[in-house]
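Q: Could you work out the structure for the sequence below:
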Amino acid sequence: MHRQRCTRIIATLGPASSSVDIIRKLSDAGADVFRLNMSHGDHKSIAALHAMIREVEVQTGRPIGILADLQGPKLRIGKFQNDRITLAAGQKFILDMDKAPGSDKRVELPHPEIFEAVEKGTELLLDDGKIRLHIEQVEKDKIHTKVVVGGELSNRKGVNVPNAILPLAALTEKDRNDLDFVLNLGVDWVGLSFVQRPEDMREAREIIGERAWLLAKLEKPSALYALDEIIALSDAVMVARGDMGVELPMEEVPGKQKKIIRHARRAGKSVVVATQMLETMVHSPVPTRAEVSDVANAVFDGADAIMLSAESATGAYPVEAVSVMDRIARKVESEPSYRKALNRDKTPPEATSADAISAAANQVAATIRAKTIVTYTGSGSTALRASRERPETPLLVLTPNLSTARRLCLCWGLNCVHTADAVNFQDMIDKACHMCLTHNFARVNDHIVIMAGMPFGTPGKTNVLRIARVQSYHKKG
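A: I've put the predicted structure just below:
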């Protein structure tokens, strides 16, 4: 049960990891949460993966989180008469609403929203930024551009508009269908792609309600203008460096990553760093030294979780990629400088009993050298508060709600056990001691610190702090 690191690992499932055997190996190697990419696969295959994860969860006895990542709006050009063209720097090129096959002079852009949002001087990026166009004139159904960076361009390539807020909802019709499906399936987290504005989060939250926790994927520069408000409306945020690296100059991405992590941590929200972290391991059993440093820097910055995409979904070495990420995180967390880095951006406590108890538990545990901080939680709020303190003492979470245990798998340092709630004060102590012994968080005569809320079973109420010494026999939970 006890991970030897606090930073969590998210592994994307795909063709390379679509069996119970591989998912079990990924879990054993260190994966805490599995990502279902709704851009690929139909509902039948997604349901099959979900069932496999739950089967592995039963095998391991460890709660496992599931993140359903919605596709979001995809902007693409039309098709060409001969499937592909070559654009030269300096030439003129038109994007229009004509459905006729394109040429090296023009191509269809079937997105009226772009025509509404752009103006002279705006840049358009095609094919993940490989082609760069400068807009010289905008008409009702035509955009006249000059090619700044040319190259080969083929059918249905993607379009990015980095310097404009598009009048597009983050939830497409496909997303709404997928969202209804995964909520009924019982996923723990929903990832909202291409968030541009706080209204995108409010719309998704209204649909999801309490059926899952909501993660905002930050990949559009426009989202950074309302960063704090978007963070406030989310349960977690993701630094999605794929499209962010297309729409922003690449050299700006590391700074934006650190800014997002810093703001999320100060708001007390979980934060995930994703995309190309160990990209070489799609084809190689070992990463580059630069990739190792990239993963390490995300851990040093205090990210709650780090994510694998193609490495575990389609790569040749999915289990090895998780294992490498696990080793990097454990090594970084053993460095003295890691603790110093964490303490720079601690979440400031609010004037609540929950924050006061959590801060006190951290201090008490450090003072008496307790082996574990045990938190009882129903909704997850007590455990989240404990996680935000980033204590050096391991955290053991006891919850009667399996859905809460699964959701908390994404959050820094939380080792969750699904167990019956305490029925009285003595039972609270006995159960905490027994669970510490059972899951190797403490030994007989060790001190532990217990956080809970009374009366028991009351959500969001943290008002008890207790020091206990583990005895040789305690009632089972």
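Q: Check which residues of stretch 135-153 are buried.
A: Neighbour-count burial for stretch 135-153, counted by 16 or more other CB atoms under 10 Å, picks out 135, 138, 142-145, 147, 150, 153. The way it works is simple: take the backbone N, C-alpha and C, and place the C-beta from them, glycine included.
Q: quick check, nearest of the residues you listed to His283?
A: Proximity of these to His283 (CB to CB) peaks at Leu153, which lies at 25.8 Å.
Q: Tell me which helix or strand that closest one sits in.
A: strand 151-154 (DSSP states H and E).
Q: name the element the residue at minimal distance from the centre of the chain belongs to?
A: With distances taken as CA atoms, centre = their mean, Val272 lies nearest the centre of the chain, 4.1 Å away. Per DSSP H and E, Val272 falls inside strand 270-274.
Q: isn't the residue nearest to the centre of the chain right up against Met238?
A: Yes: using CB atoms under 8 Å, Val272 makes contact with Met238 at a distance of 4.3 Å.
Q: between these two, what contacts are shared?
A: Residues touching both Val272 and Met238 (CB atoms under 8 Å, 6 or more residues apart in numbering) are 215, 307.
Q: got any ranges where the stretch 1-150 of the chain has weak pLDDT?
A: The model of the stretch 1-150 of the chain has pLDDT under 70 over residues 1.
Q: before we move on, back to that, tell me what the next helix or strand after the strand holding Leu153 is packed against?
A: Past strand 151-154, further along toward the C-terminus, the next helix or strand under DSSP H and E is strand 159-160. Strand 159-160 sits against strand 123-126, helix 241-247, with contacts defined as 3 or more CB pairs under 8 Å, 6 or more residues apart in numbering; DSSP states H and E.
Q: how about TSV for the ones you listed, with distance to Arg369 and mean neighbour count added?
A: Putting the helices and strands packed on strand 159-160 into TSV (distance: least, CB to CB, whole Å; neighbours: other CB atoms under 10 Å) gives the following:
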stretch	distance to Arg369	mean neighbour count
strand 123-126	55	22
helix 241-247	39	20
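Q: Now these in a markdown table, please, with extra columns for distance to Gly72.
A: Output for the helices and strands packed on strand 159-160, formatted as a markdown table (distance: least, CB to CB, whole Å):
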| stretch | distance to Gly72 |
| --- | --- |
| strand 123-126 | 17 |
| helix 241-247 | 9 |
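Q: Ala100: which of the ones you listed is closest?
A: Across the helices and strands packed on strand 159-160 (criterion: CB to CB), the nearest stretch is strand 123-126, sitting at 18.6 Å.
Q: elements contacting that closest one?
A: By 3+ CB pairs under 8 Å, 6+ apart, strand 123-126 packs against strand 131-138, strand 142-149, strand 159-160.
Q: So what are the sheet partners of that strand and their directions?
A: Paired neighbours of strand 123-126 in the sheet (DSSP bridges): strand 131-138 (antiparallel), strand 159-160 (antiparallel).
Q: could you dump those to CSV with distance to Ile261?
A: Listed next are the strands paired with strand 123-126 as CSV, based on distance: least, CB to CB, whole Å:
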stretch, distance to Ile261
strand 131-138, 29
strand 159-160, 23
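Q: Select, out of these, the one closest to Thr458.
A: For the strands paired with strand 123-126, the distance to Thr458 is smallest for strand 159-160, at 47.9 Å, taking CB to CB.
Q: coming back round to it: could you point out which of the strands paired with strand 123-126 sits nearest Arg406?
A: Comparing the strands paired with strand 123-126 by CB to CB, strand 159-160 comes nearest, at 34.2 Å.
Q: Please state the offset of the closest one from the chain centre?
A: Offset of strand 159-160 from its chain centre (CA atoms, centre = their mean, to the nearest Å): 23 Å.
Q: average pLDDT for it?
A: Averaged across strand 159-160, pLDDT comes to 95.
Q: Next secondary structure element downstream of that strand?
A: Beyond strand 159-160 toward the C-terminal end (DSSP H and E), the next one is helix 173-185.
Q: Which neighbouring elements make contact with the helix or strand in which Ala329 is found?
A: Ala329 is part of helix 318-333, with elements assigned from DSSP H and E. Other helices and strands packing on helix 318-333, by 3+ CB pairs under 8 Å, 6+ apart, are strand 8-12, helix 20-29, helix 289-300, strand 305-308, helix 310-313.
Q: Can I get those in JSON lines including distance to Met451?
A: Formatted as JSON lines, these follow (distance: least, CB to CB, whole Å):
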{"stretch": "strand 8-12", "distance to Met451": "20"}
{"stretch": "helix 20-29", "distance to Met451": "28"}
{"stretch": "helix 289-300", "distance to Met451": "26"}
{"stretch": "strand 305-308", "distance to Met451": "23"}
{"stretch": "helix 310-313", "distance to Met451": "34"}
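Q: still on that earlier bit, now for the helices and strands packed on strand 159-160, which one comes closest to Ala452?
A: Going by CB to CB, the one of the helices and strands packed on strand 159-160 nearest Ala452 is helix 241-247, 39.1 Å.
Q: Of all the residues in the helix or strand just after that closest one, which ones are buried?
A: Counting by DSSP H and E, the next helix or strand C-terminal to helix 241-247 is helix 253-266. Within helix 253-266, the residues scored as buried using 16+ other CB under 10 Å are 253, 256-258, 260-261, 263-265.
Q: likewise stretch 30-45?
A: Quick answer for stretch 30-45 (16+ other CB under 10 Å): 30-38, 40-41.
Q: and which of those is nearest Gly302?
A: Nearest to Gly302 among the buried residues of stretch 30-45, counting by CB to CB, is Asp32 at 16.6 Å.
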